[in-house]
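Enquirer: I'll drop the sequence and a predicted model, then ask my questions.
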Amino acid sequence: MQDPTLPFQYKSHDSLRLGLPSLKEDAAVKHPVEIIQVESRQRAQAAQGQMLRDLYGIAAPAKAQIESQILGRFTRLPGAGPSSLLGLESLTGELDEFKYESYLGLPDMSTLPPVDLHSQMELKHGL
């Protein structure tokens, strides 16, 4: 089992917007199944990179890695809902998978009040 470690707080915490900080929640031990899923995903990506390297040379996995980094940066404005990262999902093939996140936790089913866009942008830009 993995030992919990406390995260390093690299910037001040805005208690008025985000509530009281709790390092105990941030240091929770991951579930063993979650660890297995993450390691499995990493092994599959490494195997795919090795296969591309063997078939097409060193440039193919480098190009795929650069594309995934570029597509992983695009996000929506804060408060507009979670970013879907559609380009990254299409590149990795996750669009073909139907997971429980696909039908549970949709924004229109949420009971939480909508987030104020202005305060989220101030928080993002450190104003």
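Expert: Received it, and whenever you're ready, just let me know what you need.
Enquirer: burial measure for residue 61, as a count.
Expert: Using other Cβ atoms under 10 Å, residue 61 has 20 neighbouring residues. C-beta here means a position set from N, CA and C on the backbone, and glycine is covered the same way.
Enquirer: that one: which element?
Expert: For residue 61, the element it lies in under DSSP states H and E is helix 59-73.
Enquirer: who does that helix touch, helix- and strand-wise?
Expert: helix 32-56, helix 86-92 (3 or more Cβ pairs under 8 Å, 6 or more residues apart in numbering; DSSP states H and E).
Enquirer: mind listing what's buried in it?
Expert: 61, 64, 71 (16 or more other Cβ atoms under 10 Å).
Enquirer: take those and write them to a markdown table, including pLDDT.
Expert: Below are the buried residues of helix 59-73 laid out as a markdown table (pLDDT from 0 to 100):
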| residue | pLDDT |
| --- | --- |
| 61 | 91 |
| 64 | 90 |
| 71 | 88 |
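Enquirer: export those to JSON lines and append columns for distance to residue 103.
Expert: What follows is the buried residues of helix 59-73, written out as JSON lines (distance: Cβ to Cβ, whole Å):
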{"residue": "61", "distance to residue 103": "34"}
{"residue": "64", "distance to residue 103": "30"}
{"residue": "71", "distance to residue 103": "24"}
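Enquirer: now, which of these sits nearest residue 16?
Expert: In terms of Cβ to Cβ, no member of the buried residues of helix 59-73 lies closer to residue 16 than residue 71, at 34.5 Å.
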